[in-house]
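K.L.:
Provided below for reference: sequence and predicted model.
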Amino acid sequence: MTAEYKVLGDVAVITLAAPPVNALGYATRVGITEGLFRASMDARIKAVVIIGAGNAFSGGSDIKEFGTPKALQEPNLLSVILALEASTKPVVAAIHSLCMGGGLELAMGCHYRIAAPGASIALPEVKLGLLPGAGGTQRLPRVLGVENALNMIVSGEPVKSEVLASLPGQKLFDKLAPSPGSLLDQAIDFARSVVTREGELPRVRKLPCGHPQGDAYFQFARNTVAAVSVNYPAPLQCVNAVEAATKMTFDDGMAEERRIFTALMSTPESASLRHSFMAQRAASRIPDVPDDTPQRPVTSVGVVGAGTMGAGIAMNFLNAGIPVKLLEMKQEALDRGIASIRQNFEAWISRRRLKEHEYEQRIALLSATLDYEDLKDADLVIEAVFEDLDVKEQVFKALDRVAKPGAILATNTSTLDVDKIAAFTSRPQDVVGMHFFSPAQVMKLLEVVRGRETAKDVLATVMALAKRINKTAVVSGVCDGFIGNRMIEQYTRQAGFLLDEGATPQQVDRAIEKFGFAMGPFRMSDLAGNDIGWAIRKRRAVERPAMKYSRTADKLCELGRLGQKTGAGWYDYRPGKRDAIPSPVVERMLEKCRAELGGPVRPISDEEIVQRLVYALVNEGARILEEGIASRAGDIDMVYLAGYGFPAWRGGPMHYANEVGLFNVAEAMKRFATNPRDDATFWEPAPLLRKCVADGQQFG
């Protein structure tokens, strides 16, 4: 049972006890209804209090039950709420810490609500491509007013309980407790006080719901929401459901909400967003590292390298309140790094993302040094120096000499062999990859690269630390490029072949951005610096001389067009601006390259562009899975959603391939393999993909 029943005098207390967030799964729902029945049958009980154990009232429905029979198995959440409303004894919801989704809908089904200060209140279903499905769109407008309720429902963002309690005319909370610690006592006292009240018990369903401007307001809301929710059907449907609350009877509004909820549940956008939610949770768990694995304390961090990446990495830890010591070899480089950190923080202040006193607190945690010896007490040291194995060797030999026993030594390498780097030390068990993405203080993704000898407690520590610094961490095995960059190389190779065959950079970028990517391959390369790919291709020419590339990218770099930093790359850039302007120089260069290759050029459809780029990710992703570099298809999806701008509403490359149908993906690959300008060897479907097609299975 995940709902505990206790009698305290004349009040029954039902405690939701399904950690970590007291999700309203089937067992919890049964516990609530059984507790209500026991209270109703006990003449001593005058009132009921519902509270959550631990650090939540309730985080809402159990998403693991979505799409399964248990989600609707009686008593479902709607039935539980009806039982609360029908209780002849007053029911008080005691809200604290976290009250979201179905948890808030449950609370609104109670007769009274008392809240502790600091509780996060939300209806976040829109983030899963849904809307509240247990009366949230019908009850919240009745207790907060239409506009306040619609803003919460459409955004899905949490609001603090004391903010909601201060709204004029709000009826969500009957009382605000002075502190979380006193909440249960306050709720019991409040429950006893309402027992003597005369008349019918209050029910939210009976409150009026309307808006003085009616149709005009909802049309304005639709226009506003439509402008910011392209490709996401749920926000507009939230507007429709709240409008129904103002125009229909409560029961008819509930039926309309349920109709919309059911329709949204079957959309590919919701399936993708729910997949992403579950994949993110799964990514934090490493199959052979138990949840109770002891962690090493991390109270201080050293960062070697004060360049753009090192400075950004340092900011993450400063934001989390962890002291950072920044190391460089020259004072000028150190000064530039510190100035960069200050400048970034000051920009956040100007955009109101940071307050002045918060800035001062962060800067007070930052220190700098030119001496490795000053890193001797750091619990974690992250190397963020030039991407060259010889340079890494110098750094890790120095760290091995000075770092204290048990210190975690991390490399931010994006492509190099973490096992080779670990071998530069006498403690390979303490070495791990922590691959941040640029700009490190902004990008959510952190690839945690597990070396052959990386200790389990190191992995557990780094994964927990990723949450502290607000990163989405995904574990990768050791290979060239790990998960993200290994796959993106195939994506950019295809982009190059498309240029050879007649496409333009702007056509390729436009097609993939229309598909939903934040940025196309050529704009992305200009932003990162075209010399990065150039260096990789030079290395490939030595290590894998048979690997085929378009020559266009090398030609571009030979012209000195390295991207935004030089004012010219695949596009031209005006000083101080990032607008990508098609370049006549690039157009002439492409024509010359095509002439040297010989053969005709051809028109290429946007559909072919998208398929070749995305399926290149899928095929390499399948190889990564079968090699064990990634544990789950969902891990690959999280890498691309959090780090590479893959459209969230498509769920990541592996999920998207499942949606398209793996048979269809494999058939397209066979067509691409017949293209003489492409790489037929690459387009041989990966063995895992072939097996999934033969067995009628999906990735994951």
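P.N.:
Yep, it's here. Numbers count the residues shown, from 1 in each chain.
K.L.:
Ramachandran angles for F436?
P.N.:
Backbone torsions for F436, taken as degrees, to the nearest 10, come to phi -80, psi 160.
K.L.:
mind checking pLDDT for it?
P.N.:
At F436, the model reports a pLDDT of 96.
K.L.:
Could you pull up the contacting residues of it?
P.N.:
By CB atoms under 8 Å, 6 or more residues apart in numbering, the contact set of F436 is M309, G312, I313, N316, A384, N412, M443, L446, K471. For the C-beta atoms, the positions are set from N, CA and C on the backbone; glycine is no exception.
K.L.:
separation between it and I382?
P.N.:
8 Å (CB to CB, to the nearest Å).
K.L.:
what do you get for A116?
P.N.:
Taking CB to CB, one finds A116 at 38 Å from I382.
K.L.:
In three-state terms, label S270 for me.
P.N.:
Here S270 is recorded as helix under DSSP: H, G, I helix; E, B strand; the rest coil.
K.L.:
Neighbour count for the contacts of F436 - can I get that in JSON lines?
P.N.:
Shown next, in JSON lines, are the contacts of F436 (neighbours: other CB atoms under 10 Å):
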{"residue": "M309", "neighbour count": "22"}
{"residue": "G312", "neighbour count": "23"}
{"residue": "I313", "neighbour count": "28"}
{"residue": "N316", "neighbour count": "24"}
{"residue": "A384", "neighbour count": "27"}
{"residue": "N412", "neighbour count": "25"}
{"residue": "M443", "neighbour count": "16"}
{"residue": "L446", "neighbour count": "28"}
{"residue": "K471", "neighbour count": "22"}
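K.L.:
will you turn the residues you listed into TSV that also has secondary structure and distance to S367?
P.N.:
Listed next are those as TSV, based on DSSP: H, G, I helix; E, B strand; the rest coil; distance: CB to CB, whole Å:
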residue	secondary structure	distance to S367
M309	helix	19
G312	helix	17
I313	helix	15
N316	helix	16
A384	coil	17
N412	coil	20
M443	coil	25
L446	strand	24
K471	coil	23
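K.L.:
ok, so of these, who is nearest I51?
P.N.:
Nearest to I51 out of the contacts of F436 is K471 (CB to CB; 32.8 Å).
K.L.:
Which residue lies closest in space to the closest one, excluding its sequence neighbours?
P.N.:
L446 (4.1 Å; CB to CB, 6 or more residues apart in numbering).
K.L.:
which ones are touching G135?
P.N.:
Contacts of G135 by CB under 8 Å, 6+ apart are L78, I81, E105, M108, G109, R205, M254, E257.
K.L.:
go on, G621?
P.N.:
Neighbour list for G621: I483, M487, A630, A633, I636, P653, M654, F699 [criterion: CB under 8 Å, 6+ apart].
K.L.:
switch to 7 Å and redo it
P.N.:
Counting by CB atoms under 7 Å, 6 or more residues apart in numbering, G621 touches M487, I636, P653, M654.
K.L.:
And it, its phi and psi?
P.N.:
Per degrees, to the nearest 10, the backbone of G621 is at phi -60, psi -40.
K.L.:
go on, F37?
P.N.:
Dihedral angles for F37 - degrees, to the nearest 10 - are phi -60, psi -40.
K.L.:
what's the spacing between it and A17?
P.N.:
18 Å.
K.L.:
ok, now P505?
P.N.:
Taken as CB to CB, the span from P505 to A17 is 57 Å.
K.L.:
These two: who's more crowded?
P.N.:
Per other CB atoms under 10 Å, whichever of P505 and A17 has more neighbours is P505, with 27 against 16.
K.L.:
State the distance from C593 to G406.
P.N.:
54 Å.
K.L.:
Quick check on the two: which one has the bigger neighbour count.
P.N.:
Taking other CB under 10 Å, C593 and G406 do not tie; C593 has more neighbours (18 against 13).
K.L.:
if I pick the more buried one, what's in contact with it?
P.N.:
With CB under 7 Å, 6+ apart, C593 has these contacts: D500, R551, T552, K555.
K.L.:
Mind picking out the helix or strand in the protein with the poorest mean pLDDT?
P.N.:
helix 69-72 (a mean of 81; mean pLDDT, DSSP states H and E).
K.L.:
Report the buried residues of it.
P.N.:
By neighbour count with 16 or more other CB atoms under 10 Å, helix 69-72 contains the buried residues A71.
K.L.:
and whichever helix or strand comes after that helix, what other elements does it pack with?
P.N.:
Once helix 69-72 ends, the next helix or strand along the chain (criterion: DSSP states H and E) is helix 77-86. Helix 77-86 is packed against helix 26-41, helix 102-109, with contacts defined by 3 or more CB pairs under 7 Å, 6 or more residues apart in numbering; DSSP states H and E.
K.L.:
how distant is the shortest one from the center of its chain?
P.N.:
Averaging C-alpha positions (CA atoms, centre = their mean, to the nearest Å) puts helix 102-109 26 Å from its chain's average.
K.L.:
Check which element follows it along the chain.
P.N.:
Where DSSP H and E defines the elements, the next helix or strand beyond helix 102-109 is strand 112-115.
K.L.:
hey, where'd the strands end up in the stretch 151-300 of the chain?
P.N.:
159-160, 175-176 (DSSP state E, counting those that start in this stretch).
K.L.:
Which secondary structure state is assigned to L409?
P.N.:
Of the three states, L409 takes strand under three-state DSSP.
K.L.:
residues in contact with it?
P.N.:
Contact analysis of L409 by CB under 7 Å, 6+ apart lists V381, F396, L399, A403, T425, D430, V431.
K.L.:
The fifth one in helix, strand or coil?
P.N.:
Reducing the assignment to helix, strand or coil with three-state DSSP, the entry for T425 is coil.
K.L.:
Now it: phi and psi?
P.N.:
The phi and psi values for T425, taken as degrees, to the nearest 10, are phi -110, psi 170.
K.L.:
Report the separation between P141 and K691.
P.N.:
Distance, P141 to K691, using CB to CB: 51 Å.
K.L.:
do the same with R594
P.N.:
For R594, the distance to K691 (CB to CB) stands at 38 Å.
K.L.:
swap in L84?
P.N.:
Distance from L84 to K691, by CB to CB: 50 Å.
K.L.:
With neighbour numbers in mind, choose between those two.
P.N.:
Using other CB under 10 Å, the more surrounded residue of L84 and K691 is L84, with 22 against 14.
K.L.:
Leaving out chain neighbours, which residue sits closest to the more buried one?
P.N.:
Nearest one to L84, counting by CB to CB, 6+ apart, is G109 at 4.3 Å.
K.L.:
Now stretch 344-356: buried residues?
P.N.:
Neighbour-count burial for stretch 344-356, counted by 16+ other CB under 10 Å, picks out N344, F345, W348, L354.
K.L.:
now do stretch 400-415
P.N.:
D400, V402, A403, A407, I408, L409, A410, T411, N412, T413, S414, T415.
K.L.:
Which stretches in the stretch 151-300 of the chain count as helices?
P.N.:
Secondary structure of the stretch 151-300 of the chain by DSSP state H, counting those that start in this stretch: the helices cover 161-165, 183-195, 215-228, 234-247, 250-265, 268-283.
K.L.:
C-terminal to the last one, what's the next element?
P.N.:
Using DSSP H and E, the helix or strand that follows helix 268-283 in sequence is strand 301-304.
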